[in-house]
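K.L.:
Coordinates only, no sequence provided:
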């Protein structure tokens, strides 16, 4: 089951320091769906602390957070949620040893496994396959294609999946990225810069993307386009390898919670949208519409050879090869490093537990 058809994606999809925390929650804030019940039998044996880094992206992770699924299913554990502006910040936090699980795009996750970082982390979940949710939006009348933006100022968070897609689009157009004025900007910096006219375009995600469109911006390319060209991007969950080894019950419950959220997006999108609205800062109707920019995968799908069970490692290796050409990493590791950096175990456990 997927929340929308992936037919048109075709073979492309088959194929501590500055944390910049904007919020930290132990579950005490007001939520859209605050239930005291775990969707399955809660595990009271776990009493560890779980440090989770999330981003304000309209996917299952914020549904899990808002509905307190982990807090309810691991009632004796301490769940700490910290908000990050981008995947680069999440990777930095892992480097400083301050996170156990965190959301990062496929590009920063690849950097984490590559030189010079070589972090002891593994990809354990695909939060979403990115489509039109990340797009290149330009000021009205500035350009109609990527070639027309030569010499113009384009903002994007460096090291993010949006940055990766932007560089790939430039390369696919046969252009030299040095002929573009690329500016490293976090999402909360892009909207004010757009309003001042300091930037001509941005490759960015929601809710900033929607804000720029509302202010007259025109989308000329999306990450769905680059995926169809053979360069898919993802929002991934990575986890510290020592934490994975020491906390199998936590990882199984975490993956079950994520799978529950994916199913809710598919079967009860109104309820899921209420949670996304609270966490992302949009209306419920807007939140529901944002789901269309992604493909969401169940635990069973994720555990298959097409995803965590095989091809994702190949995609990360291909991403590393491209990042090397753009000076995004110092060296590409052996393909076996990226294959070993994907752990399908939590998704397999969640899929096996579906009937419990």
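P.N.:
That came in fine, so what should we check first? Quick caveat: nothing in here was measured; it's all calculated off a predicted structure.
K.L.:
Please parse this structure into its domains.
P.N.:
Domain assignment for the chain by automatic domain parsing gives 7-130+233-355, 134-228.
K.L.:
okay if I get those as CSV plus mean neighbour count and mean pLDDT?
P.N.:
Using the backbone N, CA and C atoms, a C-beta is placed for each residue, glycine as well. CSV is the format used below for the domains of the chain (neighbours: other CB atoms under 10 Å; pLDDT from 0 to 100):
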stretch, mean neighbour count, mean pLDDT
domain 7-130+233-355, 20, 89
domain 134-228, 20, 94
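K.L.:
tell me the SS of residue 40?
P.N.:
When classified by DSSP: H, G, I helix; E, B strand; the rest coil, residue 40 comes out as coil.
K.L.:
Could you verify my assumption that it touches residue 69?
P.N.:
No: judged on CB atoms under 8 Å, residue 40 makes no contact with residue 69 at a distance of 10.0 Å.
K.L.:
Off-centre distance for stretch 341-353?
P.N.:
From the chain centre to the centre of stretch 341-353 is a distance of 18 Å (CA atoms, centre = their mean, to the nearest Å).
K.L.:
Could you do stretch 241-253 as well?
P.N.:
21 Å.
K.L.:
next one: stretch 339-356
P.N.:
19 Å.
K.L.:
Show residues contacting that stretch.
P.N.:
40-41, 113, 121-125, 239, 244, 248, 251-252, 254-256, 258-259, 298-300, 302-303, 308-310, 312-314, 316-317 (CB atoms under 8 Å, 6 or more residues apart in numbering).
K.L.:
again, only this time at 7 Å
P.N.:
Among residues not part of stretch 339-356, those counted as contacts by CB atoms under 7 Å, 6 or more residues apart in numbering are 40, 113, 122-125, 244, 251-252, 254-256, 259, 299-300, 302-303, 308-309, 312-313, 316.
K.L.:
Filter the residues you listed down to just the ones in strands.
P.N.:
Taking DSSP state E as the definition of strands, the contacts of stretch 339-356 contribute 122, 123, 124, 125.
K.L.:
before we move on, which element is the residue of the chain positioned farthest from its centre in?
P.N.:
For the chain, the largest distance from the centre (CA atoms, centre = their mean) belongs to residue 141, which lies 30.7 Å off. In this assignment (DSSP states H and E), residue 141 forms part of neither any helix nor any strand.
K.L.:
Distance check, it against residue 309.
P.N.:
Going from residue 141 to residue 309 by CB to CB, to the nearest Å gives 47 Å.
K.L.:
go on, residue 184?
P.N.:
35 Å.
K.L.:
Then residue 118?
P.N.:
24 Å.
K.L.:
Strands of the protein, residue ranges please.
P.N.:
Under DSSP E, the chain gives strands at 24-25, 49-54, 78-83, 101-105, 121-130, 134-138, 153-156, 181-184, 201-205, 218-222, 234-240, 294-295.
K.L.:
Quick one: closest of those strands to residue 62.
P.N.:
strand 49-54 (6.6 Å; CB to CB).
K.L.:
Listing partners with orientation, what would you give for that closest one?
P.N.:
strand 78-83 (parallel), strand 101-105 (parallel) (DSSP bridges).
K.L.:
For residue 191, find the nearest of those strands.
P.N.:
strand 78-83 (17.3 Å).
K.L.:
gap between the nearest residue to residue 171 once chain neighbours are set aside and residue 142?
P.N.:
Of all residues not flanking residue 171 in the chain, residue 177 sits nearest, at 7.6 Å (CB to CB, 6 or more residues apart in numbering). The gap separating residue 177 from residue 142 is 18 Å, by CB to CB.
K.L.:
What segments of the stretch 201-350 of the chain are helices?
P.N.:
Counting by DSSP state H, counting those that start in this stretch, one finds helices in the stretch 201-350 of the chain at the ranges 208-214, 223-228, 241-246, 248-267, 269-276, 284-290, 299-302, 311-325, 335-340, 345-352.
K.L.:
which secondary structure elements does the shortest one contact?
P.N.:
Under the contact criterion of 3 or more CB pairs under 7 Å, 6 or more residues apart in numbering; DSSP states H and E, helix 299-302 touches helix 345-352.
K.L.:
any idea how far the closest residue to residue 259 other than its chain neighbours lies from residue 245?
P.N.:
Of all residues not flanking residue 259 in the chain, residue 299 sits nearest, at 4.1 Å (CB to CB, 6+ apart). Look at residue 299 and residue 245: by CB to CB, they are 20 Å apart.
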